[in-house]
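Chemist: just the structure for this:
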Amino acid sequence: MLSRRGNPQRERFERMAEGVFASVYGTALRLTRDPEEASDLAQEAIVRAYEAFDRFDGRNFKAWILRITTNLYINQYRKRAREGTAVSLDEDGTWEPAAPEESVPDRALFDGMLGAEVEEALAQVPEVFRMAVILCDIEGLTYEEIAEATGAPVGTVRSRIARGRTLLRKQLETYAREEGYLGK
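Modeler: Numbering: from 1, shown residues only. The predicted structure is shown next:
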């Protein structure tokens, strides 16, 4: 990652970042729905987290770095909406993967946990609700951690999760009926 021996602060950050990188990338992938954009977003979040590591309060590194990730995503989304175009984070058009796609740490977990139907349904949920559901149900953050990560009050987080789950359930209902999980 950012390895330079002899710097205890840097080594501490590396250990912590390596422990949550799969969650950072997985969240970025679910938000952007594009592997290249997710890779860029996750890497940018790691860089920003390292730059701000002296301001980390030491409580919950995963929630803190996911807040950075979601804030970066929201800022990029707003910028694109203002500009009216989709802009690549990687202007020179090159992409250098850190590992083959099939060996990305969260890939096996991602593929095993969520089928294509669930991912497709989740992608149809509006962003604000999707983000809340991802952070709660996939990343396992508490309501308070999600509130901190998104800058929304806890009550708003609760309602976004409830609404997101309802929308997701509706998206999956047809599939569930077709597959026999629900009665016709």
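Chemist: any figure for the gap between Ile146 and Arg10?
Modeler: Distance of Ile146 to Arg10, given as C-beta to C-beta, to the nearest Å: 29 Å. Glycine gets a C-beta too; all of them are placed from N, C-alpha and C.
Chemist: again, but for Arg48
Modeler: 15 Å.
Chemist: same thing with Glu145?
Modeler: Using C-beta to C-beta, we find Glu145 at a distance of 25 Å from Arg10.
Chemist: what do you get for Asp54?
Modeler: Note on Asp54: its distance to Arg10, by C-beta to C-beta, is 11 Å.
Chemist: cool, Val24 as well?
Modeler: 18 Å.
Chemist: with Ser159 instead?
Modeler: Ser159 is 40 Å from Arg10, by C-beta to C-beta.
Chemist: okay, domains of the chain per the record?
Modeler: 1-103, 114-184 (automatic domain parsing).
Chemist: show me what contacts the spatially most central residue of the chain?
Modeler: What sits nearest the mean C-alpha location of the chain, by C-alpha atoms, centre = their mean, is Thr27, with 1.5 Å. Neighbour list for Thr27: Leu66, Thr69, Thr70, Ile134, Leu135, Ile138, Glu139 [criterion: C-beta atoms under 8 Å, 6 or more residues apart in numbering].
Chemist: element containing it?
Modeler: Following DSSP states H and E, one finds Thr27 within helix 8-32.
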